[in-house]
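**Q** 3D model of this:
(one chain, ligands or ions: 1)
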Amino acid sequence: MAGTAHPGVDLSGSTAVVTGASRGIGLATAQHLAAAGANVVLTARTQEAADAAAAQVAGPGTAVGIAAHVAHEDEARACVQRTVELFGGIDILVNNAGTNPSYGPLIAQDHGRFAKTFDINLWAPILWTSLVMDASMRERGGSVINTASIGGMGHEAGIGMYNASKAALIHVTKQLALELSPRVRVNCVCPGVVRTRLAEALWKEHEQAVSSATALDRIGEPDDVAGAVTFLASDAAQWITGEELVIDGGQRLGSPAGFREETRARG
Ligand SMILES: NC(=O)c1ccc[n+]([C@@H]2O[C@H](COP(=O)([O-])OP(=O)(O)OC[C@H]3O[C@@H](n4cnc5c(N)ncnc54)[C@H](OP(=O)(O)O)[C@@H]3O)[C@@H](O)[C@H]2O)c1
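**A** Numbers count the residues shown, from 1 in each chain. Next up is the predicted model:
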């Protein structure tokens, strides 16, 4: 694993909630925030998974796992309340949990898959932001970071429903940045293809091809995104709000091989 250190970033005394932190980008984010000194609450759908994830966080910040389905309001409220009881408030909310149950053309989808995708990927970030505002941030300020995707910035075969939810999340990030200003900053990260379970269909069978089509010649690792989230949570980003930060190794730039070929062809 790449290092979790962020020289010059000190989150000591602050508290973060990271949803969907049992593995992947959420777990790495919790590890980075705790390494910078923050106390971190990691959520997952089962207490077992949340506990196992918290046990993988080295600190110096304290890590606690709390079970909560992100779209179940009672569980979300209880998690936020418990965090405030444990640590006295919440300074950082990372709305990271995400799902993609709906591969295929948009017109082949059904309402069940639409509702699940949009409940988890869009409604939950709004719900958790609202709960955290009421419980703590309205009074003490803070930083909210949503995990969107570069998929929300373009169009791709087969994942139109997921991408629509992430496009909406980018929009909602900017809306919330205005609504919650000036005390609370709201930003999102837009990862490219990252080595996690959720995205396996995008890299597992053809990692070399995806890497070759990426300027930095590799797919992303959860740590790549966690570092950017930690930056956005910190005072180093204190005048940044309403932004989408792309972390994709250059995937949106297009194929570097094609670019080099064209450069050669033009002499
Ligand atoms: N990997 C990529 O290439 C990529 C690219 C762009 C954006 N993203 C976004 O990054 C975020 C993290 O995904 P990942 O790639 O790290 O995937 P992952 O490793 O599969 O992790 C997904 C996490 O979300 C949690 N989760 C899923 N549904 C949940 C629910 N209903 N309630 C609570 N937690 C739930 C899972 O926890 P449990 O299953 O333990 O409950 C797990 O911790 C997602 O928002 C995803 O859309 C990923």
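
**Q** quick one: contacts for the residue of the stretch 51-200 of the chain found nearest the ligand?
**A** Using C-beta to the nearest ligand atom, the closest approach of the stretch 51-200 of the chain to the ligand is made by Gly98 at 2.1 Å. Yep, even glycine has a C-beta here, placed from its N, CA and C like the rest. Applying C-beta atoms under 8 Å, 6 or more residues apart in numbering, one finds that Gly98 lies in contact with Gly20, Ile120, Asn121, Thr147, Leu198.

**Q** How is it assigned, secondary-structure-wise?
**A** Following DSSP: H, G, I helix; E, B strand; the rest coil, the label given to Gly98 is coil.

**Q** Same question for Gly242.
**A** Going by three-state DSSP: Gly242 is coil.

**Q** Turn the buried ones among the contacts of Gly98 into a named ChimeraX selection, would you?
**A** Selection of the buried residues among the contacts of Gly98 in ChimeraX, burial being defined by 16 or more other C-beta atoms under 10 Å:
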select :20,120,121,147
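
**Q** Any chance of the contacts of Gly98 in JSON lines with distance to Arg183 and secondary structure as columns?
**A** Converted to JSON lines, the contacts of Gly98 look like this (distance: C-beta to C-beta, whole Å; DSSP: H, G, I helix; E, B strand; the rest coil):
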{"residue": "Gly20", "distance to Arg183": "25", "secondary structure": "coil"}
{"residue": "Ile120", "distance to Arg183": "27", "secondary structure": "helix"}
{"residue": "Asn121", "distance to Arg183": "26", "secondary structure": "helix"}
{"residue": "Thr147", "distance to Arg183": "22", "secondary structure": "strand"}
{"residue": "Leu198", "distance to Arg183": "32", "secondary structure": "coil"}
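
**Q** among the contacts of Gly98, which are in reach of the ligand?
**A** Checking these against the ligand by C-beta under 6 Å from any ligand atom, the ones in range are Gly20, Ile120, Thr147, Leu198.
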